[in-house]
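[1] Sharing a sequence plus its predicted fold:
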Amino acid sequence: MPMSHELDTTLIFTIGRMNPPTTGHMGLVKKMIERANEVEEKEGNKAQVAVILSHTHEKDVAKNPLKCKDYKRELVREMIDKLQQKINKDKKVNVDVLCMDDEKVPNMYSSIGALVRKYQPKKMILCIGKDRDENYSGITKYYKDVEIEVVDRPEGAMSATEMRGYVTSNDMKTFVEKMEQTGLDKERIEELYGKLHEVLLQKSVSVSASAKEVKTRKRKADTQSGGKHKRAKTNKKRNTKTKKHKKRTLHRRR
């Protein structure tokens, strides 16, 4: 009887903000799932797919409106589940979703390290969009075994920037229509729109208020500066007149 042995694990992962997650991101996840099936069927190895959601920068709310732990991770998991039901009902690939904020030092290296400790992969493949390949080239300096595979964005797929734009322009109708392509139900999409709207519009109002305040301060400063200049000019004229008067009086006396 042949001895059983543990299969080597190939870790297929990506890193992204996904704020909010869109069909473009799910297109990338779909490619990763297909790659995992290929690894298991052709190479005979075990495949593990993982998504690392980038650190949420509090100062950059306009690009990072959703916090990972509070909401975004749950949403991404739900969308991946819907995707797997659509592409392969019989067999589901295990997809792990991590928040970079889970780590004490929230950066991509500590998150990759967490995956390495968890799955002990023999091989690692980083799948990234064509426009992001330069951002992650440095990973191979720390993790020399990582292979980088560049994935093209599916034709017509939406971006997170596009979806945030519909929110800031109060175009809920288009937002809902586009997001329905992810498989989420309308109620869930409207909830997502509400969360984005609350954060992005508050930020927009705050920025507008700040800009207005700066303009008001500038006008005040200009007015005050103008007033000082005017007063200085008046005083100069008075001094000149006084000097001329003194000269005339002195001349008469002589």
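    Right, received. Where do you want to start?
[2] neighbours of the residue nearest to Val146 when sequence neighbours are not counted, just the number please.
    Closest residue in space to Val146, ignoring its immediate chain neighbours: Met124 at 4.6 Å, by CB to CB, 6 or more residues apart in numbering. C-beta: built from backbone N, CA, C; applies to glycine. Neighbour count of Met124, defined by other CB atoms under 10 Å: 23.
[3] so who does Met124 touch?
    By CB atoms under 8 Å, 6 or more residues apart in numbering, Met124 lies in contact with 10-13, 112, 116, 143, 145-147.
[4] What subset of the residues you listed is buried?
    10-13, 112, 146 (16 or more other CB atoms under 10 Å).
[5] Out of those, name the ones that lie in strands.
    The strands, defined by DSSP state E, take in 10-13, 146 from those.
[6] So the residue nearest to Val146 lies in a helix, does it not?
    No. Secondary structure of Met124 (DSSP: H, G, I helix; E, B strand; the rest coil): strand, not part of a helix.
[7] that older thread, output the contacts of Met124 as JSON lines; include the columns distance to Asp131.
    Formatted as JSON lines, these follow (distance: CB to CB, whole Å):
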{"residue": "Thr10", "distance to Asp131": "25"}
{"residue": "Leu11", "distance to Asp131": "23"}
{"residue": "Ile12", "distance to Asp131": "20"}
{"residue": "Phe13", "distance to Asp131": "18"}
{"residue": "Ile112", "distance to Asp131": "21"}
{"residue": "Val116", "distance to Asp131": "26"}
{"residue": "Tyr143", "distance to Asp131": "22"}
{"residue": "Asp145", "distance to Asp131": "25"}
{"residue": "Val146", "distance to Asp131": "19"}
{"residue": "Glu147", "distance to Asp131": "19"}
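[8] count of neighbours near Lys69?
    12.
[9] What separation do you get for it and Thr182?
    For Lys69, the distance to Thr182 (CB to CB, to the nearest Å) stands at 21 Å.
[10] now Asn170
    When distance is defined by CB to CB, Asn170 is 21 Å away from Thr182.
[11] between those two, who's got more neighbours?
    Applying other CB under 10 Å to Asn170 and Thr182 shows that Thr182 carries more neighbours, namely 22 against 10.
[12] which one of the ones in strands among the buried ones among the contacts of Met124 is nearest Lys86?
    Minimum distance to Lys86 across those is 19.3 Å, recorded for Ile12 (CB to CB).
[13] Checking the residue lying closest to Ala47 once chain neighbours are set aside next. Helix, strand or coil?
    Nearest non-adjacent residue to Ala47, counting by CB to CB, 6+ apart: Ala36, 3.6 Å away. Secondary structure, three-state DSSP: Ala36 is helix.
[14] Assumed Val105 was part of a strand.
    No. Read with three-state DSSP, Val105 is coil and lies in no strand.
[15] Mind listing what's buried along stretch 96-106?
    For stretch 96-106, the neighbour count (16+ other CB under 10 Å) marks 96-103, 106 as buried.
[16] now stretch 62-78
    Buried residues in stretch 62-78, counted by 16+ other CB under 10 Å: 64-68, 72-73, 75-76, 78.
[17] of all the residues you listed, which two lie farthest apart?
    Largest pairwise distance in the buried residues of stretch 62-78, by CB to CB, is 19.6 Å, between Asn64 and Glu78.
[18] count of residues packed around Asn107?
    12.
[19] Sorry, wrong one. I was asking about Lys178.
    18.
[20] tally of neighbours for Val95?
    Using other CB under 10 Å, Val95 has 21 other residues around it.
[21] who's in contact with it?
    Shown in contact with Val95 (CB under 8 Å, 6+ apart): 29, 32-33, 49-51, 77, 80, 84.
[22] pLDDT score assigned to it?
    We have a pLDDT of 95 for Val95.
[23] ok, now His245?
    So His245 comes in at 55 (pLDDT).
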